[in-house]
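Colleague: quick check, what structure comes out for this input:
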Amino acid sequence: MRPLTEEETKTLFLKLSEYIGRSIERMINRTDERHSFRLLKDRVYYVSESSLKAAAPISRDHLLHFGTCIGKFTKSGKFRLHITALDYLAQYAMYKVWLKPNAEMSFLYGNNVLKSGMARITESIPQYAGVVVYNMSDIPLGFGVAAQTTDACRELEPTGNVVLHQADIGEYLRGLEDDVF
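Modeller: All right, here's what the predicted structure looks like:
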């Protein structure tokens, strides 16, 4: 468990800013307790200061996980968000898409969101921006990348992609534990 290097922090913040914009500062300097990002075995954890102090005496070899796993660094140095970051992405998300009930299962099985399955969308989403996908009850289902701008979605045919799937809560059930945990 160590703090992130400057290059790792920059890579992490660039990825998070695709989804939450400038809210990264609010994510770290929370009102209840200060939080930070720590690296353990190529995985980045979002940890409160009290949990960090409690985990400090445990050696790296014996420490499996602590805090919330936000994602991991690949061998090539890129950062990949995990579904475990969804709670924080949903809390601070800039761009959101709501699904119709008949499109929820398709998304939870790992498919992209089609225009025919989209119920609502926030205004002025740029192309390739990070979006959080909700059902009509405002429960976050996952996240992805906007395939089209909000204006382009209006003229899109019903079978056109609106959101390109990246992660969803169905990953827990599909047996992707090796990648998540």
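Colleague: burial measure for the closest residue to residue 14 other than its chain neighbours, as a count.
Modeller: Distance criterion C-beta to C-beta, 6 or more residues apart in numbering; nearest residue to residue 14, sequence neighbours excluded, is residue 79 at 7.9 Å. For the C-beta atoms, the positions are set from N, CA and C on the backbone; glycine is no exception. Neighbour count for residue 79, taken as other C-beta atoms under 10 Å: 18.
Colleague: in the chain, which spans are strands?
Modeller: Using DSSP state E, the strands of the chain run over residues 2-3, 35-40, 43-48, 68-73, 79-81, 96-99, 113-114, 118-121, 130-134, 140-146, 161-168.
Colleague: which one's the longest helix in this protein?
Modeller: For the chain, the helix with the greatest residue count under DSSP state H is helix 6-20.
Colleague: that helix - contacts with which helices or strands?
Modeller: Judged by 3 or more C-beta pairs under 8 Å, 6 or more residues apart in numbering; DSSP states H and E, helix 6-20 is in contact with helix 24-28, strand 35-40, strand 68-73, strand 79-81, helix 86-92, strand 130-134.
Colleague: tell me the angle it makes with strand 35-40.
Modeller: 120 degrees (axes from the mean of the first three to the mean of the last three C-alpha atoms, to 10 degrees).
Colleague: just the mean pLDDT for helix 6-20, thanks.
Modeller: Mean pLDDT, computed over helix 6-20, is 94.
Colleague: one step back: so which of the helices and strands packed on helix 6-20 comes closest to residue 123?
Modeller: strand 130-134 (12.4 Å; C-beta to C-beta).
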